[in-house]
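1. take this sequence and fold it.
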Amino acid sequence: MVNKITAKHILVEKKSLAEDIIEQLNTGARFEDLAKKFSTCPSRKKGGSLGEFGRGKMVKEFEKAAFALQKNQITQIPVKTKFGYHVIKRVR
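-> All right, here's what the predicted structure looks like:
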């Protein structure tokens, strides 16, 4: 079982916007560009990068989705947390 991963995310308030971002990513848009344009998280300045983190460091819903991804995979359904809707990309 992997105990640490590296991930990026884009945080938005509306599910419909998160779904649109996923669609743009699936058609070739760069994750970093969309993070800088749309994300409400301070990580937007770093293209959405959250760096490396271990289990128990993120809210439960986010952690479950992020650890379920394979390397370079992006969530295909927005992940809802108390902060809003996340589009997550696992880097490693």
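
2. return the set of residues that bridge with the nearest residue to residue 62 once chain neighbours are set aside.
-> Nearest residue to residue 62 in three dimensions, chain neighbours excluded: residue 81, at 5.4 Å (Cβ to Cβ, 6 or more residues apart in numbering). (Each C-beta comes from the backbone N, C-alpha and C, glycine too.) When assigned by DSSP bridges, residue 81 has beta-bridge partners residue 84.

3. OK, contacts around residue 81?
-> Under the criterion of Cβ atoms under 8 Å, 6 or more residues apart in numbering, the neighbours of residue 81 are 59, 61-62.

4. what do you get for residue 92?
-> 5-6, 71 are the contacts of residue 92 under Cβ under 8 Å, 6+ apart.

5. same check, this time on residue 35
-> 8-10, 43-44, 47-48.

6. hey, which strand is longest across this protein?
-> For the chain, the strand with the greatest residue count under DSSP state E is strand 4-12.
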